[in-house]
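>>> sharing a model that was predicted from the sequence below.
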Amino acid sequence: MQEKRLEFNPFSLEFQADPYPIYQVLRTEDPMHPVKGFKFNQWFLSRYKDVYAVLNDARFKVDDLPERLADKALHLKQKGDFEPLIQTVSHWLFFLEPPDHTRLRSLVQKMFSSLKVESLRPQIEAIVNHLLDRVEGKQMDIMMDLASPLPALVSSELLGIPMGDRVTLTQWAYTLFHVFDQPLSLQDYQHINQVALNFKEYFGQLIADFRKNPQDNLVSKLIQLCDQEGKLSEAELLGFLSMLFSVGQETTENLIGNGIFALLNHPDALESLQQNPHLMGNALEELLRYDSPVQIISRTAIEPVEMNGKTIQKGDKVNLLLGAANRDPEQFSDPDRLSWHRHESSRLPFGSGIHYCLGAELARMQGQVALSRLIQRFPRLQLNLEKIERRKNIVLRGFKVLPVIFS
């Protein structure tokens, strides 16, 4: 009798609702799960040591999304041209390899250092207080009232975006980030392409304005790198600005939403954090491990790689299941338990290796401030379970609607 093969479907409703039991089966039964493809195979890796190893292995390159978009545009040339979208994402840091990646990251990294981000704490606290001041009655939607507007407002402050433009740019950011979703229709790609063009035109005008009248913001500093030092091209600057606004939006808001959801499902842990606010730094790292906002990162093998007795062939796509790795019992004791005193911390929630998330410290700061202020100001929060709605996305895990009530 032929042995039944494990089937893994990240698009299933069961997986979308709660992937962790499925991750456990994968780690136990098939930690390097292969899926046969027409030209190249795909692999799903679920153990911490394997995921960490691939992220730090130069034999794997980052996702080739810009190249795939170019191939799709060529194939559909008469139906649509994706050039604005291709040009935009081709300059995003996590699609670049050395030497371009090394050069661009070195130019902007100091602007997102721990010291620089700490200096932004008063601004972030003021924004969070303002958002919570606007809450009316005895209920709120964590996503709409706090988690979603916070990163948009913080990015807008950093970039010098006028107040009247912020809602529109936030809507564009959501649309542009859907380029990671698979599969997408031609209509979807056309819509995302138009938004990429909108971003390009908007930031092009913003750059022109700040060239004439420099301000104390990130855009003006980056313009100096373009004009005075010649270290950054205009196209690279435009790509970086769209990346900062779009990618920082989704990951940060899901960090906050997943964090409060976990806290409200663990009342003892919540009470401990309310009584010991100095533990928030540890708590945020644990919340990131426990329910990671980024669930999957992909890499492609550039040569054959032997791993655990199996061969990943050149061209194979390797999907790294961060959510599974962060619950690996070989790496974390009692991994399904939430604990602020855990000795093992994960090095994976923001990736690892040369493509470690540039904005990790900024996301952490926003998460710490938002969660801390929320649970102190509304100490008796409860979930409104009937109206919760999750996002349908296999790369990110988060909520579309997360209503709470309080007394």
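Everything's here; your move. Residues are numbered from 1 along each chain as shown.
>>> now for Ser339, how many residues are close by?
Counted by other C-beta atoms under 10 Å, the residues lying close to Ser339 total 16. Backbone N, C-alpha and C define where each C-beta goes, glycine included.
>>> let me redo that: Arg59
For Arg59, the tally of surrounding residues (other C-beta under 10 Å) stands at 13.
>>> swap in Arg391?
By the criterion of other C-beta under 10 Å, Arg391 has 15 neighbours.
>>> does Asn198 touch Ala173 like I think?
No - judged on C-beta atoms under 8 Å, Asn198 makes no contact with Ala173 at a distance of 10.8 Å.
>>> the two: which is more packed in?
Using other C-beta under 10 Å, the more surrounded residue of Asn198 and Ala173 is Ala173, with 22 against 18.
>>> which element, helix or strand, includes the more buried one?
Element membership for Ala173, per DSSP states H and E: helix 166-177.
>>> and the next helix or strand past that helix?
Helix 166-177 is succeeded, C-terminally, by helix 186-212 (DSSP H and E).
>>> list the buried residues of stretch 255-272.
Using 16 or more other C-beta atoms under 10 Å as the test for burial, stretch 255-272 gives 255-264, 266, 269-270, 272.
>>> which two in those are spaced the farthest apart?
The widest separation within the buried residues of stretch 255-272, taken as C-beta to C-beta, falls between Gly257 and Ser272 and amounts to 20.8 Å.
>>> so who does Thr311 touch?
Taking C-beta atoms under 8 Å, 6 or more residues apart in numbering, we find Thr311 in contact with 304-305.
>>> now do the helix holding Ala173 and helix 186-212, the angle between them.
Angle, helix 166-177 to helix 186-212, by axes from the mean of the first three to the mean of the last three C-alpha atoms, to 10 degrees: 130 degrees.
>>> ok so, going back, in CSV: the buried residues of stretch 255-272, plus distance to Leu74.
Shown next, in CSV, are those (distance: C-beta to C-beta, whole Å):
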residue, distance to Leu74
Leu255, 37
Ile256, 40
Gly257, 38
Asn258, 39
Gly259, 42
Ile260, 45
Phe261, 43
Ala262, 44
Leu263, 48
Leu264, 49
His266, 50
Ala269, 52
Leu270, 53
Ser272, 56
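>>> who's in contact with stretch 21-33?
Outside stretch 21-33, the residues within contact range by C-beta under 8 Å, 6+ apart are 6, 8, 14-15, 43-47, 50, 307-308, 310, 321, 323-324, 327-328.
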